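Novice: sequence? don't have it. structure:
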């Protein structure tokens, strides 16, 4: 049976993070993940996870200053100190709540200097995280939602993972982003499986629940199951209205 993780960056975003964890448990999710939990004391999050028996699969490094257009720092050559402070913070928080993965956000940048900076910061992150048995994830974002984002395609991510050559550096395969940028989801899942650390999904093109749109998620989830990927799949979609009213898919696919 396919297992699912609730991404609390989008689901139950109207609730406090600790309450959202309890809501995910009540709805039948097998795990949770989040975006930027740093304003919530880690002890409170850990208590909610322990009370529900859910694992926190992952969190993101800070974006920087979103009001000034930041969407990550790790590929910005002139902001290495900030990027590594964000990595330090993410690892410390992940350790405190026993999170399995950290998504290191690249940010808006391009060119060889950006590539070199991203690789160096990923080497820093993987070394720091390995001491705590935490994986580092990188995620290509599509050009419609994140024009100018450094990490654009799964092949670019694969080349970077091979260059960094750290066993705890993996690909976050977000079906929504990959479909919009590259398509051919099931073949890409098959080919990239050895480097995939986590899989997320949302409908295409509206980033809603997975029960509509151009992607047949019943088929995609079946393929993932046949590939023997056993981790919970991350529901990172934007519900229209209350989250609870968007969960019919969970009984259909779960």
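Specialist: All right, it came through fine. As the structure is a prediction and not an experimental result, all values here were calculated from the model.

Novice: switch to C-alpha atoms for all contacts and neighbour counts from now on
Specialist: Will do.

Novice: Relative to residue 252, how far out is the closest residue to residue 10 other than its chain neighbours?
Specialist: Computed as CA to CA, 6 or more residues apart in numbering, the closest residue to residue 10 that is not its neighbour in sequence is residue 238, at 5.6 Å. As judged by CA to CA, to the nearest Å, residue 238 and residue 252 stand 19 Å apart.

Novice: what about these two, which has more around it?
Specialist: Between residue 238 and residue 252, counted using other CA atoms under 10 Å, the more crowded position is residue 238 (20 against 9).

Novice: how about the more buried one, what does it touch?
Specialist: Shown in contact with residue 238 (CA atoms under 8 Å, 6 or more residues apart in numbering): 10-11, 202, 207-209.

Novice: Next up, identify which helix or strand residue 234 is on.
Specialist: strand 233-235 (DSSP states H and E).

Novice: what's the answer for residue 32, then?
Specialist: Going by DSSP H and E, residue 32 is in strand 31-33.

Novice: any chance you could map the strands in the stretch 1-150 of the chain?
Specialist: Secondary structure of the stretch 1-150 of the chain (DSSP state E, counting those that start in this stretch): strands at 4-7, 31-33, 58-60, 101-103, 135-138.

Novice: Buried residues, whichever helix or strand comes after the last one. List them.
Specialist: With elements assigned by DSSP H and E, the helix or strand that comes after strand 135-138 is helix 154-164. By neighbour count, with 16 or more other CA atoms under 10 Å as the criterion, the buried positions of helix 154-164 are 154, 157-158, 160-161, 164.

Novice: Repeat that for stretch 19-26.
Specialist: Within stretch 19-26, judged by 16+ other CA under 10 Å, the buried ones are 20-25.

Novice: quick one: which of the residues you listed is nearest residue 216?
Specialist: Distances from residue 216 to those, taken as CA to CA, are shortest for residue 24 (24.0 Å).

Novice: what about the residue nearest to that closest one when sequence neighbours are not counted, neighbour count?
Specialist: The shortest distance from residue 24 to any non-neighbouring residue, by CA to CA, 6+ apart, is to residue 6 (6.4 Å). Residues near residue 6, counting by other CA under 10 Å, number 30.

Novice: just the one 5 residues further on next, same as before
Specialist: As a burial measure, residue 11 scores 23 neighbours (other CA under 10 Å).

Novice: Nearest residue to it in space, please, no chain neighbours.
Specialist: Counting by CA to CA, 6+ apart, residue 243 is the residue found nearest to residue 11 once chain neighbours are left out, at 5.8 Å.

Novice: re the thing from before, now do the same for the strand holding residue 32: mean pLDDT, whole number.
Specialist: Averaged over strand 31-33, pLDDT sits at 98.

Novice: for it, the distance to its chain's centre please.
Specialist: Put simply, strand 31-33 sits 10 Å off its chain's centre (CA atoms, centre = their mean, to the nearest Å).

Novice: Quick check: which helices or strands does that strand pack against?
Specialist: Packing partners of strand 31-33 (3 or more CA pairs under 8 Å, 6 or more residues apart in numbering; DSSP states H and E): strand 4-7, helix 17-27, strand 58-60.

Novice: Go again with 7 Å.
Specialist: With contacts taken as 3 or more CA pairs under 7 Å, 6 or more residues apart in numbering; DSSP states H and E, strand 31-33 sits against strand 4-7.

Novice: ok, residues contacting the strand it packs on?
Specialist: With contact meaning CA atoms under 7 Å, 6 or more residues apart in numbering, strand 4-7 is reached by 24, 29-34, 232-236.

Novice: Neighbouring strands - and their directions - for that strand?
Specialist: Taking DSSP bridges as the criterion, strand 4-7 pairs within the sheet with strand 31-33 (parallel), strand 233-235 (parallel).
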